[in-house]
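Participant: Take this sequence and fold it.
(one chain, ligands or ions: 1)
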Amino acid sequence: MGESTSRFLLRTDDLCPTMSRGGWARFEALIEEFSLRPILAVVPDNHDPELEKDTPNPGFWKMLRALESRGATIALHGYRHLCASRGRALMPLHTMSEFAGIDESLQQEWIQAGLDTLRGHGLCPRLFVAPRHGFDHATLRALRATGLSAISDGYGKWPFQFGGITWIPQQLWEPVERQAGIWTICIHPNTASDVETLRLREFLRRKASQFASVDDVLGDSGGTVRGLLGLGQSAVWARLRRLRTEAQKAFGRG
Ligand SMILES: [Zn+2]
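Facilitator: So this is what the prediction gives:
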């Protein structure tokens, strides 16, 4: 598929054993029906009461292994999903976050512990997804130190590199028609309404062939990422600031 075609990545957030089973079942059915290979953002050691929607699902990790074997990409979604830090984040969408402002060595400890937990369940985490988009330069260094070299976050039409990390932008919180580019649609299965779920299904009926996997997206770039690559750091920040307004429309939904 050429550069003139838009491609979509589906990302489902806040997966953990106590997530809403009914909420998740709707999206698991869509993944199956349309043979999707989404990003599954998994909280390795959830302590967030907001994500305790059901009793722990004993089949949770097995279900993730099955989805990963069918092409889904596992993302480390923070550590405990407790957003108690007021540190300044690179993506300024929320005031409180889990990672931004936390000492770098502790961030690295959390990331490593999270990776160990997911790997202990037989998964192969390949991306980082920060709770509430909250991460800073120390997070990027900590990710590099643990060998995790890609995140799902940021703006832009194409994956780009910044801070030694490959950024696969996440720009949408619902299915929206888009021109050329790679567009990540972030869904929260715990809280998505039936109307939102139905809207995604209708979109998939028309566009399923344009839904890609992380491997497709990174493979497409032929090893070199596009977009902001080549821009100086100040240009990157200027663009982030310009796009902040648009992102703030989705405030509270990260
Ligand atoms: Zn989250």
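
Participant: pretty sure residue 201 is in a strand, no?
Facilitator: No - Residue 201: not assigned to a strand; according to DSSP: H, G, I helix; E, B strand; the rest coil it is helix.

Participant: so what's it closest to, chain neighbours aside?
Facilitator: residue 30 (6.1 Å; CB to CB, 6 or more residues apart in numbering). All C-beta atoms are positioned from the backbone trio N, CA, C, and that covers glycine.

Participant: Quick one: mean pLDDT for the host helix or strand of that neighbour?
Facilitator: Assessed by DSSP states H and E, residue 30 sits inside helix 21-33. For helix 21-33, mean pLDDT rounds to 97.

Participant: if we can go back for a sec, can you pull the contacts of the residue nearest to residue 201?
Facilitator: Applying CB atoms under 8 Å, 6 or more residues apart in numbering to residue 30 gives the contacts 36, 197, 200, 201, 204.

Participant: Compute the number of surrounding residues for residue 113.
Facilitator: 15 (other CB atoms under 10 Å).

Participant: Can you tell me how far the residue nearest to it when sequence neighbours are not counted is from residue 105?
Facilitator: Leaving aside its sequence neighbours, residue 113 sits nearest to residue 79 (CB to CB, 6+ apart; 6.5 Å). Counting by CB to CB, to the nearest Å, the gap from residue 79 to residue 105 is 14 Å.

Participant: Of those two, give the one with the bigger neighbour count.
Facilitator: In terms of neighbours (other CB under 10 Å), residue 79 is the more surrounded of residue 79 and residue 105; the figures are 25 against 11.

Participant: show me the contacts for that one.
Facilitator: Contact analysis of residue 79 by CB under 8 Å, 6+ apart lists 43, 44, 45, 98, 110, 111, 113, 114.

Participant: and the second one, how many neighbours?
Facilitator: As a burial measure, the neighbour count of residue 44 was computed by other CB under 10 Å and equals 24.

Participant: The last one now?
Facilitator: Other residues within reach of residue 114 by the criterion other CB under 10 Å amount to 23.

Participant: SS state for it?
Facilitator: Per three-state DSSP, residue 114 ends up helix.

Participant: ok now do it, which residues does it touch?
Facilitator: 44, 45, 76, 78, 79, 125.

Participant: Quick check: the two most widely separated of those residues?
Facilitator: With distances taken as CB to CB, the most widely separated pair in the contacts of residue 114 is 45 and 125, at 13.2 Å.

Participant: Show me which of those two is the more surrounded one.
Facilitator: Shown here are residue 45 and residue 125; by other CB under 10 Å, residue 125 has more neighbours (24 against 15).

Participant: Where does pLDDT dip in the stretch 101-250 of the chain?
Facilitator: For the stretch 101-250 of the chain, residues meeting the criterion pLDDT under 70 lie at 220-250.

Participant: Okay, helices next: where are they in it?
Facilitator: Secondary structure of the stretch 101-250 of the chain by DSSP state H, counting those that start in this stretch: the helices cover 104-120, 137-146, 194-207, 214-220, 233-248.

Participant: Select, out of those helices, the one closest to the ion.
Facilitator: helix 104-120 (13.0 Å; CB to the ion).

Participant: So for that closest one, what gets flagged as buried?
Facilitator: 107, 108, 110, 111, 112, 114, 115, 117, 118 (16 or more other CB atoms under 10 Å).

Participant: List of residues touching stretch 41-58?
Facilitator: Against stretch 41-58 from outside (CB under 8 Å, 6+ apart): 11-21, 23, 63-64, 74-83, 113-115, 117-118, 123, 125, 129, 131, 152, 190.

Participant: need the helices of the stretch 101-250 of the chain in JSON lines with distance to the ion, can you?
Facilitator: Output for the helices of the stretch 101-250 of the chain, formatted as JSON lines (distance: least, CB to the ion, whole Å):
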{"stretch": "helix 104-120", "distance to the ion": "13"}
{"stretch": "helix 137-146", "distance to the ion": "15"}
{"stretch": "helix 194-207", "distance to the ion": "16"}
{"stretch": "helix 214-220", "distance to the ion": "18"}
{"stretch": "helix 233-248", "distance to the ion": "16"}
